[in-house]
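Trainee: Model the structure of this input:
(one chain, ligands or ions: 2)
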Amino acid sequence: MTQPKLKTSIAILGCGDVGSTLAYTLILQPICSEVILVDPKKELLEAQVRDLGDATYRGASGVRVRAGTHKDAGQADIVVITAGAKQKTGESRLSLLSRNLNILESIFSSMAPISPHTILLLVANPVDILTYFARRLSGLPESQVLGTGTSLDSARLRGILAEKAEVAPSSIDAYVLGEHGDSQSLGPVQQSAPRPLALAMPDQLTPEFKASISSHTRGAAGAIIAAKGCTAYGIGNIAASICKYILFDSRSVRPLSFYQPELGCCLSMPAVVGRKGIIKAMPIQLDYEEQAALETCASGLRGVIEGGGEGVECGRAVTEGVGGG
Ligand SMILES: NC(=O)C1=CN([C@@H]2O[C@H](COP(=O)(O)OP(=O)(O)OC[C@H]3O[C@@H](n4cnc5c(N)ncnc54)[C@H](O)[C@@H]3O)[C@@H](O)[C@H]2O)C=CC1
Ligand SMILES: CC(=O)C(=O)O
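Mentor: Ligands and ions are numbered 1, 2, ... in the order given. A predicted model of the protein is given here:
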C-alpha cells in the first residue's frame, strides 16, 4: 500500500445524513488532509462545517473541513456524490431517479471543468443508474467513475453469514453482485472448491437459508429507513473505505458499480480499486444461474437507462467463502 500524497482533498456533494456521516468518518480515520462540503442549503452547510470542525480540534486528526462550491469540488482528488433525494418508507430507490438525475445534471454543469485526475464516487440512489449517467456527464475516463454499488449489501450479507457461521465478519468473504436495488433476489451461492462456508455450515446452506439471507439483505435498508428515516453509518463507513483504497492505491478487491461494456450498464462486480479508480475488473466464475441472474439484472438496468421507468426485475449473484479479509 503506498502512502497518499501530502495534500489530499475529498469533496462531498450533499451534507445531509450520508454526506455528514462520511465526513465524520474521514476525519476520525483520518484519510485525507481536506474535506470540502458542498450543499445548496447554506445554513445546513455552515452548521455541518462548524460541527464537524469541532471534531478536528482535539488530537492529531489534521483534517481541515471547509465549505466549498461545486467548482472547488471539481478539483478535488475524489468527489463523492451523496446529493439527492432519499427514499421515504415504502419507496423504491428507482423512484428517486428523475429527481436525482436532475440534481446530477446540475452538479456537472456547476463543477465543470472537472480535473482530469478526479475520481468520482457515486452514492446517491439509484446508484447504478446514476453511475452510468455520471460517466457520460463528466467526460472522465470510465475507470475514474465508480459507484458504491453492492458494497453495502455485501457488508450486510457478511454480517448475517458471520452470525450464522459463528465466526467474525472479517473472516467471511462474500459479495452480492449486480444492482443495488429493491426488486432483486440472491442468486445461488457459488460452489467453488474448497467450499469453506459449506463446510462451516453443512446443514444450513439450503435453498430456504439462501432465500432467508436474500430477504435479509434486500429488506435491510427498508427496515432501518422505516424506523429512523435514513441509513447512514454503514454507507458512511463503506464510502470512507473506498476513498482510502483510492488515495492509498491499495489495490483492494471490492464489489463496486462500474461500467460493464459487455452488459451496456453499470452494476457491481468485483474490481481492483486503486489511485486511478477501477484498475481492472477481477474475473469471477459464475455458474449458469448466476450468469442468467446477472443478465436479467443488466437488461432491467438498460431498460431504465433507455427510459423504461421503474420496477426492474433484477437478479443478484452472490459468491462466498470463509477466511477473506
Ligand atoms: N448507495 C447506497 O448504498 C446508499 C445511498 N443512499 C442515498 O444517498 C442519498 C443521500 O441520502 P441522505 O444523505 O440521507 O439524504 P439527505 O436528504 O439527508 O441529504 C441530501 C443532501 O443533498 C443536498 N443536495 C441537493 N442538491 C444538491 C446539489 N446540487 N449539490 C450538493 N448537494 C445537494 C440536499 O440539500 C441535502 O442536504 C440518497 O439518494 C440515498 O438514497 C443512502 C444510503 C445508502
Ligand atoms: C438507502 C440504501 O440504499 C441502503 O441503505 O441500502
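
Trainee: Now for Met282, how many residues are close by?
Mentor: Residues near Met282, counting by other C-beta atoms under 10 Å, number 14. All C-beta atoms are positioned from the backbone trio N, CA, C, and that covers glycine.

Trainee: From ligand 1, how far off is it?
Mentor: In this view, Met282 and ligand 1 are 20 Å apart by C-beta to the nearest ligand atom, to the nearest Å.

Trainee: Secondary structure class of the residue lying closest to that residue once chain neighbours are set aside, three-state.
Mentor: Distance criterion C-beta to C-beta, 6 or more residues apart in numbering; nearest residue to Met282, sequence neighbours excluded, is Pro270 at 4.1 Å. The assignment at Pro270 comes out as strand when based on DSSP: H, G, I helix; E, B strand; the rest coil.

Trainee: Val273 too?
Mentor: At Val273 the chain is in strand, as set by three-state DSSP.

Trainee: sorry, back to before: pretty sure the residue nearest to Met282 is touching Asp173, no?
Mentor: No: Pro270 lies out of contact with Asp173 (C-beta atoms under 8 Å); the separation is 10.3 Å.

Trainee: who are the neighbours in contact with Gly14?
Mentor: Counting by C-beta atoms under 8 Å, 6 or more residues apart in numbering, Gly14 makes contact with 38-39, 81-84, 124.

Trainee: hmm, try it at 10 Å
Mentor: Counting by C-beta atoms under 10 Å, 6 or more residues apart in numbering, Gly14 touches 20, 22, 37-41, 80-84, 86, 103, 107, 123-124.

Trainee: list the buried ones in stretch 215-224?
Mentor: 216-218, 220-222 (16 or more other C-beta atoms under 10 Å).

Trainee: And ligand 2, is that stretch touching that?
Mentor: Yes: against ligand 2, stretch 215-224 shows contacts by C-beta under 6 Å from any ligand atom at Ala221.

Trainee: Can you check what pLDDT the model gives the most centrally placed residue in the chain?
Mentor: Nearest to the geometric centre of the chain sits Thr148, at 1.3 Å (C-alpha atoms, centre = their mean). Thr148 is assigned 98 on the pLDDT scale.

Trainee: Determine the number of other residues adjacent to the nearest residue to it once chain neighbours are set aside.
Mentor: Spatially, and ignoring its direct neighbours in sequence, Thr148 is nearest to Val123 (5.3 Å; C-beta to C-beta, 6+ apart). By the criterion of other C-beta under 10 Å, Val123 has 29 neighbours.

Trainee: and the gap between Val123 and Leu94?
Mentor: Taking C-beta to C-beta, to the nearest Å as the measure, Val123 falls 16 Å from Leu94.

Trainee: before we move on, what about Arg275?
Mentor: Arg275 is 33 Å from Leu94, by C-beta to C-beta.

Trainee: the more surrounded of the two?
Mentor: Using other C-beta under 10 Å, the more surrounded residue of Arg275 and Leu94 is Leu94, with 24 against 18.

Trainee: which residues of the protein fall in strands?
Mentor: 9-13, 34-38, 64-67, 78-81, 119-122, 145-147, 175-176, 184-189, 252-260, 265-274, 277-281, 314-319 (DSSP state E).

Trainee: possible to save the ones you listed as TSV with distance to ligand 2 and mean neighbour count?
Mentor: Shown next, in TSV, are the strands of the chain (distance: least, C-beta to the nearest ligand atom, whole Å; neighbours: other C-beta atoms under 10 Å):
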stretch	distance to ligand 2	mean neighbour count
strand 9-13	17	27
strand 34-38	20	24
strand 64-67	24	17
strand 78-81	14	27
strand 119-122	12	27
strand 145-147	11	28
strand 175-176	11	28
strand 184-189	12	21
strand 252-260	12	23
strand 265-274	12	24
strand 277-281	21	18
strand 314-319	13	25
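
Trainee: Save the ones you listed as CSV, and put in distance to Lys210 too.
Mentor: Output for the strands of the chain, formatted as CSV (distance: least, C-beta to C-beta, whole Å):
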stretch, distance to Lys210
strand 9-13, 36
strand 34-38, 40
strand 64-67, 43
strand 78-81, 33
strand 119-122, 29
strand 145-147, 25
strand 175-176, 12
strand 184-189, 6
strand 252-260, 18
strand 265-274, 19
strand 277-281, 25
strand 314-319, 8
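
Trainee: among these, which is nearest Asp153?
Mentor: strand 175-176 (4.0 Å; C-beta to C-beta).

Trainee: The closest one pairs with which strands, and in what direction?
Mentor: Looking at strand 175-176 with DSSP bridges, its partner strands are strand 314-319 (antiparallel).
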